[in-house]
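Asks: Test case, fold it:
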Amino acid sequence: MSEDSAATPAPSSGPAAGAVDAQLSPPIALPPEATSDEMESGSTVRAAVPASDGILKLLYTHNPFYLISACLFVYGLKKLFRQGDQSILFGQGSVAYMEPWGLALSLAAVTVLMTITAIVIVRVGKVWEDARSIVLIVLMMFLAISISFDELITVRSDRDNGHSFESVVALILMSYGFCVVLSELLIRGQRVRLSRSWRLPLYGFLGLFFCYPLGLLPEVMGFTNEKVRWLIAAFPSAASVLALTLIPAIRSGSSSVAENGTPWRWPWFPWTPFVLVAGTVCFRSYSLTISFDVPVTMKHFWDTTFGLYQLVPFLLAVQLLLLEISIVEKRRKLQWCLMLTASLLLLPAHPLIVPWHGLPAYRGFLENLTMTAASPLYLTILALGGFYAIAWWRGLRFAEFGFFAMTSLATIVPARVSMPQLASINWLPNQIWPIVLNAAVLLYISLHTRRSILAAISLVCIAWASHGYLVSSVQSFGLLPRMVPLITMHVVLLGLMGICLSYRDRFAEFLREVTAAATSLGMLVTVVQLTRFHAGVAVSIFYAVAVTATLFAAGRLMNNKLFFWTAAAHCLGGILLATGYGSWLFVRSDLPAGIKSVALAGLSFLVAIAISAGKSGMLQHCFRKKQTET
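Replies: Residues are numbered from 1 along each chain as shown. The predicted structure is shown next:
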């Protein structure tokens, strides 16, 4: 939307509306031969306006001369109050840096002039288009005044040499109070209705711009250079806290600013000043680094501790504000846009994205940050996980995918690495807590929704986490590396058994068919591995009996024949193996020949008795009687 269309007032009647329309859209002379049809189509109008008139109309409508005037004022004043051969206010070399009081009073005078102009053109001429430009210029002057003090409080002028910093501190506090008073005068003079929930955050940002540099002076706070660097890097985080104070104003809804006394509607009013403030926060973060932390051994202009990753907390706060707006105003497209673009914050979070990433000052502070807390990329992943969790909690669709994606990234992106390793991404067994968190969340949801597929995904996460934990702790537990896959496999099998017992949906039915066969195959693999580990025959037999008993118990609880048949197959296989192994031992034994013949005769007699009982129907009768009793 263009600035011109955004500033168009709502349709109204009366002389005031006519005056506003006359100022916003100056009349264009039509040729006398233009017919009514041509006037409606607009072809004759476009043909009648030369290119020069179009440029004049553009300048007339948007009137950039207030901005040009303010820029020239600021540039000229900084030239006048700085040492140089062309200085007309001070003798050459008499002032080391800018003279603070004179510069402050001059900038304040320009700001007052702009404020009075904005009030007059609104109260008298109703020229809201120009008034909006002047209001933004006044806000920019406030920010210029705050930024101009950086040099004043780092190196005192000749007038303050030999004295304390009290004069400069008093100047800053007085300037901040002056900006607040002038802002109130501007709002009330233009008869703009703006509640405190909007004004107080704006004044909070002005206070941050003016007062935050005072805490960076070693003479004032007594901080070391290292702590000053941390405070400079924390400036966007402080701005993000202030930005979140706008949430109560957002929750009041756009209807609360509908009757605001201006021709502009939400979001152009009152968000335009805050957009300018957001851009200033980003610039101020860099300017603080230049003003208060210039390395002594700097060999390059870009060799600073500033990195784009420092802006991520503030940008994330902006995302939260947009999220709140999309929910309160029910903007579905904005919600979709936020869900799709929030992960783009990973780009400025990567420390290697800036061209000066190889310079000493930047590398030194980044290494300190990484080893003290974590890498900026890892911290951003955690913050985005929290953002998607909030969006999920507020009911936004598909926000859960972003949450699980960020928690999964937190497992493969290293938390603490040196600069050359920042580009590497690998599975890290010692960073398993995000996977455990995913498993807990999925299990909680599956228990409430009774969806077994979510429980199965949770089981995969648990198996992943347990495998990573065992891999990183093999020596602590005294385990062989070959035993880790077996333990992970049994975690999966026990989890599948629990899902089969707890859920009754279609996917759970499918898992029942798979789990019995998987358990049987897992038992065979484990028995073979136990044999390779020289665990002994008794351990293998005990394990096989335990698995078979578990299958019988699970089949009885679920009333599932597949588990019974699998357990029966285990029993039959065990009998065959025991028979074969016993026969092999019997044949290889050194018993007398007569004893072997007698034993074989007894076995043959038992088999014959069993066949006769089957022919007589005794076994079938006993089985039917047992079924009748049950």
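Asks: Backbone dihedrals for the most centrally placed residue in the chain, please?
Replies: In the chain, the residue lying closest to the centroid (CA atoms, centre = their mean) is Leu384, at 1.8 Å. The phi/psi pair for Leu384 (degrees, to the nearest 10) reads phi -70, psi -30.
Asks: so who does Gly395 touch?
Replies: By CB atoms under 8 Å, 6 or more residues apart in numbering, Gly395 lies in contact with Ile327. For glycine as for every other residue, the C-beta is placed from the backbone atoms N, C-alpha and C.
Asks: what's the burial count for the closest residue to the residue nearest to the centre of the chain other than its chain neighbours?
Replies: Using CB to CB, 6 or more residues apart in numbering and skipping residues adjacent in sequence, the residue nearest Leu384 is Met406, 4.8 Å away. Look at Met406: counted by other CB atoms under 10 Å, it has 24 neighbours.
Asks: Met406 and Ala389: what is the separation?
Replies: 9 Å (CB to CB, to the nearest Å).
Asks: quick revisit: the residue nearest to Leu384 contacts Leu379, doesn't it?
Replies: No - using CB atoms under 8 Å, Met406 is not in contact with Leu379, being 11.6 Å away.
Asks: What about Lys330, how many residues nearby?
Replies: Neighbour number of Lys330 under other CB under 10 Å is 9.
Asks: got it, and Thr272?
Replies: With neighbours defined by other CB under 10 Å, the count for Thr272 comes to 17.
Asks: show me what contacts Phe209?
Replies: Neighbour list for Phe209: 142-143, 146-147, 280, 284 [criterion: CB under 8 Å, 6+ apart].
Asks: could you redo the last one with a cut-off of 10 Å?
Replies: By CB atoms under 10 Å, 6 or more residues apart in numbering, the residues touching Phe209 are 142-143, 145-147, 149, 176, 179, 235, 239, 277, 280-281, 284.
Asks: likewise Arg506?
Replies: By CB under 10 Å, 6+ apart, the contact set of Arg506 is 452-453.
Asks: which stretches of the stretch 251-400 of the chain have low pLDDT?
Replies: Residues of the stretch 251-400 of the chain meeting the criterion pLDDT under 70: 294-302.
Asks: Please enumerate the helices of it.
Replies: Here the stretch 251-400 of the chain has its helices, by DSSP state H, counting those that start in this stretch, at 268-292, 312-328, 332-341, 346-349, 360-372, 376-393, 399-412.
Asks: hey, C-alpha coordinates of stretch 392-406 in CSV?
Replies: Extracted C-alpha coordinates of stretch 392-406, given in CSV (Å, rounded to 0.1, in the frame of the first residue of the first chain):
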residue,chain,number,x,y,z
TRP,A,392,0.7,-23.9,19.3
TRP,A,393,-0.7,-23.1,22.7
ARG,A,394,-2.6,-20.2,21.2
GLY,A,395,-4.2,-22.5,18.8
LEU,A,396,-2.4,-21.8,15.5
ARG,A,397,-2.6,-24.6,13.0
PHE,A,398,0.6,-26.5,12.1
ALA,A,399,2.6,-24.6,14.7
GLU,A,400,3.4,-28.0,16.2
PHE,A,401,5.5,-28.9,13.2
GLY,A,402,7.7,-25.9,13.8
PHE,A,403,8.1,-26.8,17.4
PHE,A,404,9.1,-30.4,16.6
ALA,A,405,11.4,-29.2,13.8
MET,A,406,13.3,-26.8,16.2
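Asks: how about that stretch: buried residues?
Replies: Using 16 or more other CB atoms under 10 Å as the test for burial, stretch 392-406 gives 392, 396, 399-400, 402-404, 406.
Asks: can you put the residues you listed in TSV and add distance to Gly555?
Replies: Supplementary listing: the buried residues of stretch 392-406 in TSV, determined by distance: CB to CB, whole Å:
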residue	distance to Gly555
Trp392	39
Leu396	44
Ala399	41
Glu400	36
Gly402	41
Phe403	38
Phe404	34
Met406	41
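Asks: Go through these and name the one nearest Leu338.
Replies: Leu396 (8.0 Å; CB to CB).
Asks: now that closest one: how far from Ser254?
Replies: 19 Å.
Asks: From Leu194, how far out is the residue lying closest to Pro273 once chain neighbours are set aside?
Replies: Closest residue in space to Pro273, ignoring its immediate chain neighbours: Leu139 at 5.6 Å, by CB to CB, 6+ apart. Taking CB to CB as the measure, Leu139 falls 13 Å from Leu194.
Asks: likewise Leu494?
Replies: Noted for Leu494: a distance of 62 Å to Leu194, by CB to CB.
Asks: ok so, going back, let's have the helices of the stretch 251-400 of the chain in CSV, adding distance to Leu521.
Replies: CSV is the format used below for those (distance: least, CB to CB, whole Å):
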stretch, distance to Leu521
helix 268-292, 59
helix 312-328, 48
helix 332-341, 42
helix 346-349, 41
helix 360-372, 45
helix 376-393, 37
helix 399-412, 29
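Asks: right, and those helices - which one's nearest Pro201?
Replies: helix 268-292 (7.8 Å).
Asks: what's that closest one packed up against?
Replies: Packing partners of helix 268-292 (3 or more CB pairs under 10 Å, 6 or more residues apart in numbering; DSSP states H and E): helix 3-6, helix 128-154, helix 196-211, helix 225-233, helix 235-244, helix 247-251, helix 312-328.
Asks: relative orientation of it and helix 360-372 in degrees?
Replies: Counting by axes from the mean of the first three to the mean of the last three CA atoms, to 10 degrees, helix 268-292 points 110 degrees away from the direction of helix 360-372.
Asks: picking up where we left off before, redo the helices and strands packed on helix 268-292 as JSON lines? Include distance to Leu501.
Replies: Converted to JSON lines, these look like this (distance: least, CB to CB, whole Å):
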{"stretch": "helix 3-6", "distance to Leu501": "62"}
{"stretch": "helix 128-154", "distance to Leu501": "65"}
{"stretch": "helix 196-211", "distance to Leu501": "54"}
{"stretch": "helix 225-233", "distance to Leu501": "53"}
{"stretch": "helix 235-244", "distance to Leu501": "46"}
{"stretch": "helix 247-251", "distance to Leu501": "46"}
{"stretch": "helix 312-328", "distance to Leu501": "40"}
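Asks: May I have the phi/psi pair for Arg482?
Replies: According to degrees, to the nearest 10, Arg482 has phi -70, psi -20.
Asks: you'd agree it is up against Leu530?
Replies: No - taking contacts as CB atoms under 10 Å, Arg482 lies outside contact range of Leu530: 11.2 Å.
Asks: Neighbour count: these two, which is higher?
Replies: Neighbours per residue, other CB under 10 Å: of Arg482 and Leu530, the larger number sits with Leu530, 17 against 10.
Asks: contacting residues around the more buried one?
Replies: Neighbouring residues of Leu530 by CB under 10 Å, 6+ apart: 486, 536-537, 539-540, 543-544.
Asks: do the same with Leu494
Replies: By CB under 10 Å, 6+ apart, Leu494 lies in contact with 459, 519, 550.
Asks: distance between the ends of stretch 188-198?
Replies: One end of stretch 188-198 sits 14 Å from the other (CA to CA, to the nearest Å).
Asks: Hmm, I typed the wrong one, I wanted stretch 244-261.
Replies: Start-to-end span of stretch 244-261 (CA to CA) is 26 Å.
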